[in-house]
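>>> fold the following and give me the result.
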Amino acid sequence: MKRLVLSTLLSLVIAGTAGAATPGIDPSYSQLLQRIVEINTETRNVAGLAQARDVLVPKFEALGLTASRHALAESGREVLRFDTPDGRPKVLLVGHLDTVFPKAGSFQHFVDDGDRLMGPGVIDMKGGLVLMLNVLAQLKAAGQLQHVRVLINDDEEIGSPYSKKTLQAFAKDVPYGLVFEPGLEDGAVVSSQSGVRWIKLTSTGKAAHAGLEPENGIDACLDLARKIAKISALAQPAKGLTLNPGVIEGGSKPNVVCDKASVTFDVRFRSLADWERVHAAIDAISKQSDVYNDRLKLGARTEIVQLAELPPLPVERTAALAARAEAVARALGQPFRAQAVGYGSDGNNLSDTGMQLLVGVGPYGGGMHSDKEHMLKSAYQARLTLLTQLLHNLTQSEGEMP
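Coordinates of the predicted model:
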């Protein structure tokens with residue numbers, strides 16, 4: 001009987017939300033979004049991240065959630081955890097505070113432009129954090145703010161190297177996880193995510209005067225350039241295997257034979273077998289000297305270091321929760337679609353915990369990671385309604401880990 005009453009109350013809350021005269025985001029949430037968007041939280045800006053945390057923590061606490069702050073290995077970094085005081089959580093809501101936009105960059109301000117809210121991190125994922133608060137407030141109004149845990153980290157944009165183990169520990173034995181990354185541009189959620197590795201190759205040669213005695217040099221820049229071409233040729237985009245030489249550095253002056261050069265590759269893959277094959281090929285390429293000085297009987301040497309690691313998020317870990325979300329969407333008269341993506345998230349890091357995950361449930365728009373990043377106001381209410389009902393269903397589910 002209690003469940004029936006609460007379910008009816010939630011339905012009234014949802015109906016009120018869905019039936020609002022003007023679809024969009026409530027001004028109080030829009031103002032909060034503007035406030036945190038205009039705090040620069042690039043991953044390395046520890047002071048900005050702390051400032052944003054101080055804005056958000058009271059908002060979650062005002063809903064009746066208990067906050068705890070968990071310091072990480074790198075000074076100034078924290079994972080925020082919010083729990084309800086009654087019972088073991090059934091659903092984990094996951095978000096991150098950091099963005100890719102540098103403190104000194106030109107894209108710093110929030111702009112309300114008709115149907116678009118624009119600004120750094122407005123969908124990736126400060127809009128997701130605001131939507132998370134909005135959903136929790138809806139559940140609180142319906143008396144259904146039970147069995148929910150929230151985790152917010154500050155290093156997701158670099159693969160969560162500091163927070164990964166903490167996230168996994170706090171996800172233990174929680175059956176379901178919703179990751180508030182932005183939805184795709186048409187509103188689709190994520191059915192699977194590629195695995196990611198960042199690897200850095202550094203070639204070391206020998207400096208020499210480029211005009212006076214080039215024969216005494218070993219050109220590390222040239223050696224690395226040849227390796228970059230070989231490694232890039234390993235890509236198989238049709239099967240989701242991509243290799244992007246995103247950062248290249250080397251040399252000191254044009255008139256000096258380059259003695260050191262480096263490249264950092266972003267490698268994306270759908271299966272660990274593909275990663276193992278391409279890693280073996282990269283290792284073999286790195287052991288070759290593509291620039292060799294016969295006079296000195298020496299060649300360039302190359303070292304490899306792995307900088308970041310995300311496992312794949314397979315469709316098997318999302319299928320059950322995607323099906324439940326689709327059922328809710330259909331009942332609400334909303335379209336629903338899930339698709340594989342190449343980008344990574346903390347859904348990847350949680351894929352081995354055994355929970356069912358759904359990534360990309362946040363607001364959507366476009367231009368992510370660029371100065372065109374924007375959120376569509378007209379799509380916000382539909383997302384709010386979908387997630388409120390889905391969370392109600394999940395928190396009321398019987399049973400344990402799927």
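
>>> show me what contacts Lys59?
Leu32, Leu133 (CB atoms under 8 Å, 6 or more residues apart in numbering). C-beta coordinates here come from the backbone N, C-alpha and C atoms, glycine included.

>>> would you agree Val263 is in contact with Val247?
Yes - here Val263 reaches Val247: they are 6.8 Å apart, a contact under CB atoms under 8 Å.

>>> just the helices in the stretch 151-300 of the chain please.
Counting by DSSP state H, counting those that start in this stretch, the stretch 151-300 of the chain has helices at residues 164-171, 220-232, 272-286.

>>> Ser194: which of those is closest?
helix 272-286 (9.7 Å; CB to CB).

>>> send me the closest one as PDB with only the CA atoms.
What follows is helix 272-286, C-alpha atoms only, in PDB (Å, rounded to 0.1, in the frame of the first residue of the first chain):
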ATOM      1  CA  LEU A 272      41.100  -6.100 -25.500                       C
ATOM      2  CA  ALA A 273      42.400  -8.600 -28.200                       C
ATOM      3  CA  ASP A 274      42.700  -5.600 -30.600                       C
ATOM      4  CA  TRP A 275      44.600  -3.600 -28.000                       C
ATOM      5  CA  GLU A 276      46.900  -6.500 -27.300                       C
ATOM      6  CA  ARG A 277      47.700  -6.900 -31.000                       C
ATOM      7  CA  VAL A 278      48.300  -3.200 -31.700                       C
ATOM      8  CA  HIS A 279      50.300  -2.900 -28.500                       C
ATOM      9  CA  ALA A 280      52.600  -5.700 -29.600                       C
ATOM     10  CA  ALA A 281      53.000  -4.100 -33.000                       C
ATOM     11  CA  ILE A 282      53.900  -0.700 -31.400                       C
ATOM     12  CA  ASP A 283      56.400  -2.400 -29.100                       C
ATOM     13  CA  ALA A 284      58.100  -4.000 -32.200                       C
ATOM     14  CA  ILE A 285      58.200  -0.700 -34.000                       C
ATOM     15  CA  SER A 286      59.700   1.100 -31.000                       C
END
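
>>> buried sites along that helix?
Asp274, Trp275, Val278, His279, Ile282, Ile285, Ser286 (16 or more other CB atoms under 10 Å).

>>> about what we covered before: Val263 and Val247: which is more packed in?
Taking neighbours as other CB atoms under 10 Å, Val263 and Val247 compare with Val263 leading, 22 against 12.

>>> report the beta-bridge partner residues of that one.
For Val263, the beta-bridge partners are Leu201, Ile248 (DSSP bridges).

>>> and it, what is it in contact with?
Val263 touches Lys200, Leu201, Leu224, Lys227, Ile228, Pro245, Val247, Ile248, Glu249, counting by CB under 8 Å, 6+ apart.

>>> turn those residues into TSV, including pLDDT.
Formatted as TSV, the contacts of Val263 follow (pLDDT from 0 to 100):
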residue	pLDDT
Lys200	98
Leu201	98
Leu224	98
Lys227	98
Ile228	98
Pro245	98
Val247	97
Ile248	98
Glu249	98
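
>>> by neighbours, which of those residues wins?
Leu224 (28 neighbours).

>>> looks like that one contacts Thr204 (just checking).
No - using CB under 8 Å, Leu224 makes no contact with Thr204, being 9.9 Å away.

>>> what do the two both touch?
Joint contacts of Leu224 and Thr204 (CB under 8 Å, 6+ apart) are Ala300, Thr302.

>>> run through the residues that contact Leu386.
For Leu386, the contact set (CB under 8 Å, 6+ apart) comprises Ala325, Val328, Ala329, Leu332, Gln334.

>>> so which of those residues belong to helices?
Ala325, Val328, Ala329 (DSSP state H).

>>> wait, the last one sits on Arg337?
No - shown here, Ala329 and Arg337 do not form a contact pair, counting by CB under 8 Å, at 9.3 Å.

>>> ok, Val189 - contacts?
Neighbouring residues of Val189 by CB under 8 Å, 6+ apart: Gly183, Ala322, Ala325, Phe336, Arg337, Ala338, Leu358, Val359, Gly360, Val361.
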